[in-house]
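> Sequence and predicted model, in that order:
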Amino acid sequence: MRRVTSIAALLALASLSACQRPAATQKTAAAKPACLPAQPTPAAAPATEGMVLVKAGEFLQGAAPARREEGPPRATKVGAFWIDKTEVTNADFARFVAATGHVTLAEKPLDPKLYPTLSGDQLKPSAIVFVGAKNPNDGPGQWWQVVQGANWRHPDGPGSDIAGKENHPVVQIAYDDALAYAKWLGRDLPTEAEWEYAARGGLKDAAYTWGDQPLDMQKPQANVWQGPFPQADAGTDGYKAQTAPVGCFAANGYGLVDMAGNVWEWTKDWYAPNLDPTQIVDPVGPTEPDSYLPSHSSEKRRVIKGGSFLCADNFCFRYRPPAREAGPTDTGSDHVGFRTVLRVKG
């Protein structure tokens, strides 16, 4: 599978974010909210351990688009399914790797047959890391770097690690890595419709997972960027430009946490620049990757949902249930994770 390293890909990833990452010494001293305690899943846990049952129903998917790709809205029906209460954590993924020996895409070298112009160090294992704007005039193409040695154990590259972050969402996970984890548990990744239905938490046509009240900059309802891009993240949510442990913010109406912000989450749907109004019953999106942008014609992309800690209102504004973006399937990044589903049969 081809690893994304092009400038076009980096520019696309920049559209998912809304900030620059401050230096580690600039992390906020704001009081952190109480979070869910770490709850390791036993090896022989029930099939639905750590999951919430979402009953079958109908909802209005999408919205009058705040971004062009969010519509047209459509009345959508979904069957019943179980979905993880939280994003998959570092501890969860570590148990999977220990049990299966799985090696993530970011830990594998590039295939020289797919990269005939690269050689030597350029083919070493790597992943995409958000490094921010070093200068005021830096554009999106300079906010991201392909960093050798970046992977789920070292999200920002060599010198970084996940010690003490066992209950944070795992990142640097490519689509196939997420799907492999889901299959290990006998589960799947959610469709875009399932994910959005779950994120809405039973609220009808609400703007956010918590209702219609905008983000409270003093007491944020989610781990997102507070403040204008790219000047500063106020860090009033307690997590300045970084992931939070899962469950630090109030659950939605279905008891699900972090369906807004923290990390983007993979879904099964191939990305298209709008919703198909003819698919209304358990829709699964296009049957093939959509190459709507010439510069992305060779890059297979799946829908990612939920926004991340890098989303700000004045740039990204995609931590809303109808918001959606295109995630390259052949790479991970330091603000994309996932959760799994188990569909109810019959």
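Happy to help now that I have it. Numbers count the residues shown, from 1 in each chain.
> which residues in the chain form helices?
Taking DSSP state H, the helices of the chain run over residues 7-14, 90-100, 175-184, 192-200.
> Would you mind finding the most buried of these?
helix 192-200 (a mean of 26; mean count of other C-beta atoms under 10 Å). In short, each C-beta sits where N, CA and C put it, glycine included.
> what's that helix packed up against?
strand 51-54, strand 57-61, strand 74-78, strand 81-84, strand 264-270, strand 301-305 (3 or more C-beta pairs under 8 Å, 6 or more residues apart in numbering; DSSP states H and E).
> The fifth one: partners in the sheet, and parallel or antiparallel?
Read that as strand 264-270. Here strand 264-270 is paired, per DSSP bridges, with strand 301-305 (antiparallel), strand 336-337 (parallel).
> Mind checking the ones you listed for the one nearest to residue 81?
With distances scored as C-beta to C-beta, the stretch of those nearest to residue 81 is strand 301-305 (15.1 Å).
> Which residues does that closest one contact?
16, 175, 192, 195-196, 199, 264-271, 285, 289-290, 323-329, 336 (C-beta atoms under 8 Å, 6 or more residues apart in numbering).
> cool, stretch 77-84 as well?
48, 50-59, 190-191, 193-194, 197-198, 256, 280-282, 339-344.
> From those, keep the buried residues only.
By neighbour count, with 16 or more other C-beta atoms under 10 Å, the contacts of stretch 77-84 hold 50-52, 54, 59, 190-191, 193-194, 197-198, 256, 339-343 as buried.
> Could you point out which of the strands paired with strand 264-270 sits nearest residue 109?
strand 336-337 (21.3 Å).
> Relative to residue 149, how far out is residue 126?
7 Å (C-beta to C-beta, to the nearest Å).
> Between the two, point out the one with more neighbours.
residue 126 (24 against 17; other C-beta atoms under 10 Å).
> isn't that one right up against residue 154?
No. Using C-beta atoms under 8 Å, residue 126 makes no contact with residue 154, being 11.1 Å away.
> what bridges to the nearest residue to residue 288 once chain neighbours are set aside?
Computed as C-beta to C-beta, 6 or more residues apart in numbering, the closest residue to residue 288 that is not its neighbour in sequence is residue 270, at 6.4 Å. Using DSSP bridges, the bridge partners assigned to residue 270 are residue 302.
> Now mean pLDDT and distance to residue 35 too, for the helices and strands packed on helix 192-200, in TSV please.
Listed next are the helices and strands packed on helix 192-200 as TSV, based on pLDDT from 0 to 100; distance: least, C-beta to C-beta, whole Å:
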stretch	mean pLDDT	distance to residue 35
strand 51-54	97	18
strand 57-61	97	29
strand 74-78	96	29
strand 81-84	98	16
strand 264-270	97	18
strand 301-305	95	22
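> Adding distance to residue 314, write these out as CSV.
Below are the helices and strands packed on helix 192-200 laid out as CSV (distance: least, C-beta to C-beta, whole Å):
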stretch, distance to residue 314
strand 51-54, 32
strand 57-61, 26
strand 74-78, 28
strand 81-84, 31
strand 264-270, 19
strand 301-305, 21
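> picking up where we left off before, neighbours of the residue nearest to residue 288, how many?
Going by other C-beta under 10 Å, the residues that sit close to residue 270 add up to 19.
> likewise residue 65?
16.
> so it touches residue 273, yeah?
No. With contact defined as C-beta under 8 Å, residue 65 does not count as touching residue 273 (10.5 Å).
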